[in-house]
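Asker: Following is a predicted model, sequence given first.
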Amino acid sequence: MSAELGSGGEPLEPWKYPILLEVIILSDLSRKSVLINLLTLPLAAAAAVATVSEASAAAKTPQNAVQYQSTPKGNAKCSGCKLFLPGKDPKAKGQCQVVAGNISPNGWCVVYSAKS
Ligand code: SF4
């Protein structure tokens, strides 16, 4: 099983970013998102789950670790993601609850979780 999902061939390593693990485990992300992320986790990630309670104090996940792009993926985009924190207006960049940096409302990453 390949764990190389990064755009640069780098492995997606959510265990390095406890806040990302917390989102994967505790939120009701789509089954597809959870499956994609869990398939990339080695057994060592199970040990990291024990530290999930510390995740809220952790830094946000770098954009390249979640394959963030400033363009939509099909119909999926940050403005439709439950983790997006909008900017001043609908076209302004905002923030993400788990991904670092300015986030385009038209962006996307592998943690995308559609608003219900
Ligand atoms: S798609 Fe990714 S970067 Fe965009 S708001 Fe959702 S989790 Fe954050």
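Answerer: Received it, and whenever you're ready, just let me know what you need.

Asker: what does the protein put close to the ligand?
Answerer: With the criterion set to C-beta under 6 Å from any ligand atom, the chain comes near the ligand through 68, 78, 81, 83-84, 96, 98-99, 103, 107-109, 111-112. (C-beta placed from N, C-alpha, C; glycine too.)

Asker: Which pLDDT value does the model give residue 71?
Answerer: Listed pLDDT for residue 71 reads 98.

Asker: Quick check, it in contact with residue 107.
Answerer: Yes: assessed by C-beta atoms under 8 Å, residue 71 is found in contact with residue 107 at 7.0 Å.

Asker: Name the residue in these two with the higher neighbour count.
Answerer: residue 107 (25 against 9; other C-beta atoms under 10 Å).

Asker: show me what contacts the more buried one?
Answerer: 68, 69, 70, 71, 72, 77, 78 (C-beta atoms under 8 Å, 6 or more residues apart in numbering).

Asker: run the last query once more with 6 Å
Answerer: Taking C-beta atoms under 6 Å, 6 or more residues apart in numbering, we find residue 107 in contact with 70, 78.

Asker: and after the helix or strand of the chain with the lowest mean pLDDT, which helix or strand comes next?
Answerer: Taking mean pLDDT, DSSP states H and E as the measure, helix 44-48 is the helix or strand of the chain with the lowest mean score, a mean of 43. The helix or strand immediately downstream of helix 44-48 is strand 84-85, counting by DSSP states H and E.

Asker: Around residue 70, how many other residues sit close by?
Answerer: By other C-beta under 10 Å, neighbour count at residue 70 equals 15.
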